[in-house]
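# Prediction below, plus the sequence it came from.
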Amino acid sequence: MAESVLVRFAGEGSGVGELSWGQREMWFRIRRRGCPLAIGAVFPLSAGAAAEDSARMLRFIMSRHPSLRTRLLIDSGGWTRQSVAAAGEIAMAVIDAGDGDPAALAEVVLHRYHDTDFDYPREWPVRMALIRSRGVLTHLVVMYSHVAVDGGALGALVADLATMDPVTGRSPAPLPGQDPLEQAHRQATLEGQRQSQAALRRWERLLRSIPAGRFGGCGAEQESRYRNAMLQSPATYLAIPAIADRHGGDTSTVLLTAFAIAQARVTGINPSVMQLMVGNRFRPGFSATVSTTTQSSLCVIDTAGLTFDQAVARARKAAFAAYKDAYYDPVQRDELIARLSRERGEDIDIACYFNDRRNLTREMASGPVPTPADLLAALKLGRLQWLDEPMDPVSERLEVFVEDTPGTIEVRLCSDTRYLSAGHTEAIAREMEAATVQAVLGPGYLTGA
C-alpha cells in the first residue's frame with residue numbers, strides 16, 4: 001500500500017536556456033545507453049522519524065537548488081533545452097511494508113526508481129519515498145536523475161543540508177556555486193567557446209595519433225552480450241601505497257598506470273587509450289554547485305618499453321592534461337570525432353572508460369613496503385567473480401570502476417563481449433593486479449606492453 005505527501009517549494013533562479021556542458025554530456029550518455037543512469041541510495045531512519053522531517057528536507061533541497069527544479073524541453077528534432085521553475089510541488093511516496101521486511105522493500109523501491117526512466121519533460125529529477133512498517137517509518141529512499149546531479153553534487157548537497165535550520169527549514173547561507181543556467185550562459189560566451197576549442201585541439205592531436213580501434217580481435221560471440229566482472233585484490237591494496245610513496249604521487253595514478261599496462265598487454269594495441277571522468281569542481285564556481293559538472297576527457301598513455309616507474313610518470317602527465325581539458329562542448333567533440341573518422345575512412349573507437357570512484361581509500365597512508373611473503377599471502381586472498389546483476393542495455397566497449405571497499409581494491413569491469421570477450425575482460429583485471437605486485441617486487445621490471 002502507498003500514499004503520497006505533496007511538498008510545495010519555491011526558490012530563486014528560473015528560466016529557459018541551453019543545457020550546460022555537464023548536463024549535455026550526461027544527456028548524450030543517457031540517450032546512447034538507453035537507460036536513466038540515476039544515482040540514489042537507501043537511508044535507515046532513526047526512531048521517531050516523522051514524515052514531516054523528510055518533507056521539510058525535500059522542500060529545502062528543491063527550493064535551494066535550481067538543478068532539482070529543472071525539466072527538459074525536447075523538440076521534434078531531438079535537441080534539448082532546460083526549463084527551471086520558480087515554484088511547484090513534488091510528491092513523496094509513503095509505502096507500507098505490511099508483514100514484509102521493510103529493508104528489503106526499500107531495496108525493491110530503490111531498484112524500481114533506478115531502472116524506470118525519468119519523464120524528463122514532466123517529472124522533477126528527484127524521487128523520494130518513505131518506507132513504513134507497522135506505523136513506524138524505517139527507511140528513506142532517494143533517487144536523482146544524473147542530468148541533475150553527479151557524484152560531486154551529492155557531496156555538495158549533503159554539505160548544504162547541514163546549513164538547514166531544523167525548525168524553519170531555511171538556510172542563512174548563500175546559494176552555493178553556479179547553477180546550470182548560469183553555467184550554460186557563461187559557456188556560450190566568447191571566452192567559453194575559446195575554452196572549448198582549446199580543449200578540443202588537444203583531443204584532435206591525440207585522435208590523429210592513435211590507432212582507430214581499441215579491441216581488435218578480442219571480441220567473441222557469448223551467451224550474454226554484456227559481462228560484469230569484479231576483482232577484489234588485497235594484494236593491490238598492499239602494493240599501491242608503496243608505489244605511490246616511491247613516486248611522491250597518488251594511488252589513483254598508480255591504478256591508472258596498471259590499467260594502461262593491462263590494456264596494452266591483453267589487446268596488443270599500444271598506446272592505451274581511455275576516457276577519464278573528471279568532476280571539473282576545481283573550476284571557479286563549481287566546487288559547491290549542486291549540478292552535473294562531470295565530463296569525460298581523452299587520456300593516451302604509451303607504456304611500451306618502460307619500467308613501471310617510468311610508466312607512472314607518463315601516466316601522471318597524461319592524466320593532468322586530461323583533467324585540464326575536460327571542459328568543452330560535447331556537441332563539438334562529437335562533430336570532431338565524426339569528421340576525423342570520415343577523414344581516416346574508419347570509425348575512431350574511444351569507448352573505453354576508467355573511473356576511480358573511491359573517496360575513503362584514495363588517500364591511503366603508506367606503511368612499510370610489503371614483503372614478497374605479504375604479497376603472496378594477499379594474492380591468495382584475491383577473488384574474481386562474475387556478477388549476475390543485469391547490465392545496461394547499451395554498454396560502452398569497456399568501463400572500469402574502482403570502488404571503496406575496506407582492506408581491498410575493488411575493480412569492476414563492464415564489457416561488451418562483441419569487442420572484449422569474457423576471457424579478455426578477466427585477463428585485464430588479472431594483469432592490473434599483476435602489474436602492481438610486480439612493481440613492488442621489482443621496480444625496474446618492464447611493462448611488457
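Looks like it arrived, so ask away.

# For residue 96, give the beta-bridge partners.
Assessed by DSSP bridges, residue 96 has beta-bridge partners residue 132.

# Around it, how many other residues sit close by?
For residue 96, the neighbour count with other Cβ atoms under 10 Å is 17. Just so you know, the C-beta spots here come from the backbone N, C-alpha and C atoms, and that holds for glycine as well.

# mind giving me the domain ranges of this structure?
The record assigns the chain these domain ranges, following automatic domain parsing: 2-165, 189-441.

# which residue sits closest to residue 383, ignoring its sequence neighbours?
residue 232 (5.0 Å; Cβ to Cβ, 6 or more residues apart in numbering).

# Can you classify the one you found by secondary structure?
strand (DSSP: H, G, I helix; E, B strand; the rest coil).

# Which residues are in contact with it?
Residue 232 makes contacts with 382-384, 405, 408-410, as judged by Cβ atoms under 8 Å, 6 or more residues apart in numbering.

# what does residue 251 give?
By Cβ under 8 Å, 6+ apart, residue 251 lies in contact with 240-241, 244, 361-364.

# can you check residue 71 too?
Residue 71 neighbours (Cβ under 8 Å, 6+ apart): 82-83, 85, 120-125.

# now, which of those residues lie within strands?
Counting by DSSP state E, these place 82-83 in strands.

# Of the contacts of residue 71, which is the most crowded?
Within the contacts of residue 71, most neighbours by other Cβ under 10 Å means residue 82, with 25 neighbours.

# Would you mind measuring from it to residue 118?
Using Cβ to Cβ, to the nearest Å, one obtains 13 Å as the distance from residue 82 to residue 118.

# hmm, back to that, for the buried ones among the contacts of residue 232, write the corresponding ChimeraX selection.
Only the buried entries of the contacts of residue 232 go into this ChimeraX selection, using 16 or more other Cβ atoms under 10 Å:
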select :382,384,405,408,409,410
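
# Considering the contacts of residue 251, which possesses the most neighbours?
Counting neighbours by other Cβ under 10 Å, residue 240 leads these with 26 neighbours.

# what's next to the strand or helix carrying that residue, contact-wise?
Here residue 240, judged by DSSP states H and E, is contained in helix 234-247. Outside helix 234-247, the residues that touch it by Cβ under 8 Å, 6+ apart are 250-251, 253-255, 258, 308-309, 312-313, 316, 361, 364-367, 369-370, 374-375, 378-379, 381-382, 407-409, 411, 432-433, 436-437, 439-440, 443.

# Quick one, which of those residues are buried?
Among these, those classed as buried by 16+ other Cβ under 10 Å are 250-251, 253-255, 258, 308-309, 312, 316, 361, 364, 370, 374-375, 378-379, 382, 408-409, 411, 432-433, 436-437, 439-440.

# isn't residue 126 right next to residue 141, touching?
No: the criterion here is Cβ atoms under 8 Å, and residue 126 misses it with residue 141 at 11.4 Å.

# of those two, who's got more company?
Neighbours around residue 126 and residue 141, counted as other Cβ under 10 Å, are more numerous at residue 141. The numbers are 25 against 22.

# in terms of contact, does that one touch residue 131 like I think?
Yes: if you go by Cβ under 8 Å, residue 141 and residue 131 touch, sitting 6.8 Å apart.

# who touches both of those two?
Common contact partners of residue 141 and residue 131 (Cβ under 8 Å, 6+ apart): 106, 109.

# Correct me if wrong, but residue 103 is in a helix.
Yes: when three-state DSSP is applied, residue 103 is found to be in a helix.

# My guess is it contacts residue 138. True?
Yes: if you go by Cβ under 8 Å, residue 103 and residue 138 touch, sitting 7.4 Å apart.

# Nearest residue to residue 337 in space, please, no chain neighbours.
Nearest to residue 337 is residue 348, by Cβ to Cβ, 6+ apart, at 5.8 Å.

# hang on, isn't that neighbour packed against residue 341?
Yes: between residue 348 and residue 341 there is a contact at 5.0 Å, judged by Cβ under 8 Å.

# With neighbour numbers in mind, choose between those two.
residue 348 (20 against 15).

# Correct me if wrong: residue 439 contacts residue 308.
Yes: if you go by Cβ under 8 Å, residue 439 and residue 308 touch, sitting 3.9 Å apart.

# got any residues that touch both of those two?
With Cβ under 8 Å, 6+ apart, residue 439 and residue 308 have common neighbours 243, 445.

# show me the contacts for residue 271.
210, 260, 264, 300-304.

# about what we covered before: so which of the contacts of residue 71 comes closest to residue 34?
residue 120 (13.8 Å; Cβ to Cβ).

# Please report how far the residue lying closest to residue 13 once chain neighbours are set aside lies from residue 39.
Closest residue to residue 13 apart from its sequence neighbours, by Cβ to Cβ, 6+ apart: residue 66 at 4.1 Å. Per Cβ to Cβ, residue 66 is found 18 Å from residue 39.

# These two: which has the busier surroundings?
residue 66 (27 against 18).

# What does the more buried one show for phi and psi?
phi -60, psi -30 (degrees, to the nearest 10).

# Name the SS class of residue 49, please.
coil.

# ok, residue 175 touching residue 64?
Yes: using Cβ under 8 Å, residue 175 and residue 64 qualify as a contacting pair, with a distance of 6.5 Å.
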